[in-house]
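Colleague: Build the 3D model from these lines:
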Amino acid sequence: MQELLDSFSRKVEYDYDLQNKHLYKKKAGKAKEYYQLAFDENLDEDLKVLHKMYKNDMPFRIYGLHTNLYITSNGYDGLFIDVDIKNSKIKFNQETEEFIVTSNLTVSALVNYTKEMGYDFSPLTGIPGVVGGGVVGNSSYPSVIDKDYSKHFSDFVKKIVVYDFEIGNFIELIPDDNFFGIRDSFLKQANKIKTKYFVKEIVLKADYIGKEEVNRFYNIQIEHRKEALKIDYAEGNAGSFFANRHIRNHVGKAMKGLLLENPSININVNGATFSPDGNMQFRTESNTTDKDVAKFFQHVTNKVKEIYDFDLCKYKEVNILDRDGEIDLNTFIDRNFCE
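Modeller: So this is what the prediction gives:
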């Protein structure tokens with residue numbers, strides 16, 4: 001197995017401290033192995049190595065900018081793979097009016113590039129991370145301008161080019177009506193237990209409404225969000241721990257609304273808490289332990305179940321990475337804290 005790790009185009013690091021890959025200001029564990037996957041001339045060869053690892057049941061997980069990732073103090077007993085955002089590309093097909101982008105392109109770069117051309121990707125304004133992660137997670141924000149105008153990533157996706165680690169080759173996926181769900185996708189579900197697909201390229205299409213109008217929409221939305229985004233960045237988080245669209249569908253309001261309506265939902269367990277600022281998102285401190293976080297979320301989920309008859313555990317948005325891979329919230333709570 002060591003021979004496979006040695007066959008990557010660059011050196012694999014071992015016993016790698018994942019602290020700087022964690023956005024929630026806490027002590028994270030170490031990865032058994034670590035590798036940065038670059039969008040360069042060696043990408044396809046590196047993917048072939050991962051295909052062999054997949055066939056040999058060697059564990060690995062691939063992440064973009066870690067905007068929705070909680071890493072436990074146990075670390076990860078496998079190969080933790082970063083996707084480098086360098087060498088990202090965006091091309092415009094004038095004939096089809098489609099944008100072909102590499103999955104490592106940041107969402108902000110996509111929005112800024114296309115608004116200058118008059119194509120309306122403004123509903124994606126303020127979404128953190130890379131386009132590939134946005135597609136897999138079907139990210140979105142509610143529209144500030146018009147609730148009926150709200151769009152998900154799925155509204156823009158026409159085709160996805162992925163590397164299939166099972167067969168060891170690239171395939172093209174054309175999303176149908178069942179491909180995407182709320183904060184979900186076929187790809188996200190397929191990669192849940194074992195990483196089967198790697199998104200290399202996405203074909204996107206948006207309405208042309210002119211540069212002036214797109215900039216107007218963009219400015220309205222960024223003005224509305226900038227204070228909360230600034231607070232989120234300063235506090236070291238990049239998103240709600242739970243999928244707000246699911247909460248809205250059941251309760252009629254997002255997590256922030258629940259916290260404001262019923263402050264008893266929120267507690268502070270050694271720094272594990274929902275922030276009182278911005279969008280009231282989840283945060284921790286440097287001395288917060290996994291046991292503290294588990295105790296906090298057991299309280300939160302129990303309270304929401306008691307008050308709203310809604311099971312938050314089913315709609316976790318943040319990926320929890322433990323030693324043996326990604327786990328659900330109930331498993332995390334059971335492993336770390338039980339009343």
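Colleague: Pick out the residue closest to the middle of this structure.
Modeller: Asn68 (4.3 Å; C-alpha atoms, centre = their mean).
Colleague: does that residue really touch Ile320, like I thought?
Modeller: No - here Asn68 lies out of contact with Ile320, judged by C-beta atoms under 8 Å, at a distance of 10.1 Å. For glycine as for every other residue, the C-beta is placed from the backbone atoms N, C-alpha and C.
Colleague: re the thing from before, on the pLDDT front, check the residue nearest to the centre of the chain for me.
Modeller: For Asn68, the model assigns a pLDDT of 83.
Colleague: repeat for Gly278
Modeller: The per-residue pLDDT reported for Gly278 equals 75.
Colleague: where does it land in three-state SS?
Modeller: Classification of Gly278 into helix, strand or coil gives coil, according to DSSP: H, G, I helix; E, B strand; the rest coil.
Colleague: Any figure for the gap between it and Asn56?
Modeller: As defined by C-beta to C-beta, to the nearest Å, Gly278 lies at a distance of 45 Å from Asn56.
Colleague: what bits of this protein have low per-residue confidence?
Modeller: Where the chain drops to pLDDT under 70, the residues are 24-25, 141-149, 228-239, 338-339.
Colleague: quick one: the helices in it?
Modeller: In order along the chain, the chain carries the following helices (DSSP state H): 2-5, 43-55, 107-115, 131-136, 186-190, 211-235, 244-251, 255-261, 290-308, 329-336.
Colleague: Save the ones you listed as TSV, and put in distance to Val101 and mean neighbour count too.
Modeller: Rendered in TSV, the data for the helices of the chain read as follows (distance: least, C-beta to C-beta, whole Å; neighbours: other C-beta atoms under 10 Å):
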stretch	distance to Val101	mean neighbour count
helix 2-5	30	11
helix 43-55	15	17
helix 107-115	6	20
helix 131-136	6	27
helix 186-190	16	17
helix 211-235	17	16
helix 244-251	24	18
helix 255-261	30	19
helix 290-308	35	20
helix 329-336	32	18
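Colleague: Apart from its chain neighbours, what residue comes closest to Arg183?
Modeller: Among residues not flanking Arg183 along the chain, Ala243 sits closest, at 4.1 Å (C-beta to C-beta, 6 or more residues apart in numbering).
Colleague: Spit out the contact partners of Lys194.
Modeller: Taking C-beta atoms under 8 Å, 6 or more residues apart in numbering as the definition of contact, the neighbours of Lys194 are Tyr54, Pro59.
Colleague: Try it again at 10 Å.
Modeller: Shown here is Lys194, whose contacts under the criterion C-beta atoms under 10 Å, 6 or more residues apart in numbering are Tyr54, Asp57, Pro59, Phe60, Arg61, Phe165, Glu166, Gly325.
Colleague: now Asp57
Modeller: Taking C-beta under 10 Å, 6+ apart as the contact definition, Asp57 lies against Met1, Lys194.
Colleague: circling back to that earlier point, any shared contact partners between Asn68 and Ile320?
Modeller: The overlap between the contact sets of Asn68 and Ile320 (C-beta under 10 Å, 6+ apart) consists of Phe241.
Colleague: ok so, going back, name only those of the contacts of Lys194 that count as buried.
Modeller: The neighbour count (16 or more other C-beta atoms under 10 Å) marks Tyr54, Pro59, Phe60, Arg61, Phe165, Gly325 as buried among the contacts of Lys194.
Colleague: about what we covered before: now, which of the contacts of Lys194 sits nearest Lys151?
Modeller: Taking C-beta to C-beta as the measure, Lys151 lies nearest Arg61 of the contacts of Lys194, at 28.7 Å.
Colleague: beta partners of the closest one?
Modeller: Phe80 (DSSP bridges).
Colleague: domain parsing for the chain?
Modeller: Structural domains annotated on the chain: 2-83, 90-219, 244-336, as defined by automatic domain parsing.
Colleague: which stretch among these comes nearest Lys226?
Modeller: Proximity of the domains of the chain to Lys226 was assessed by C-beta to C-beta; the nearest stretch is domain 90-219, lying at 8.0 Å.
Colleague: OK, contacts around the closest residue to Val251 other than its chain neighbours?
Modeller: Spatial nearest neighbour of Val251, excluding adjacent residues (C-beta to C-beta, 6+ apart): Tyr308 at 5.3 Å. For Tyr308, the set of contacting residues under the criterion of C-beta under 10 Å, 6+ apart consists of Ile247, His250, Val251, Gly252, Lys253, Leu258, Glu261, Asn262, Ile265.
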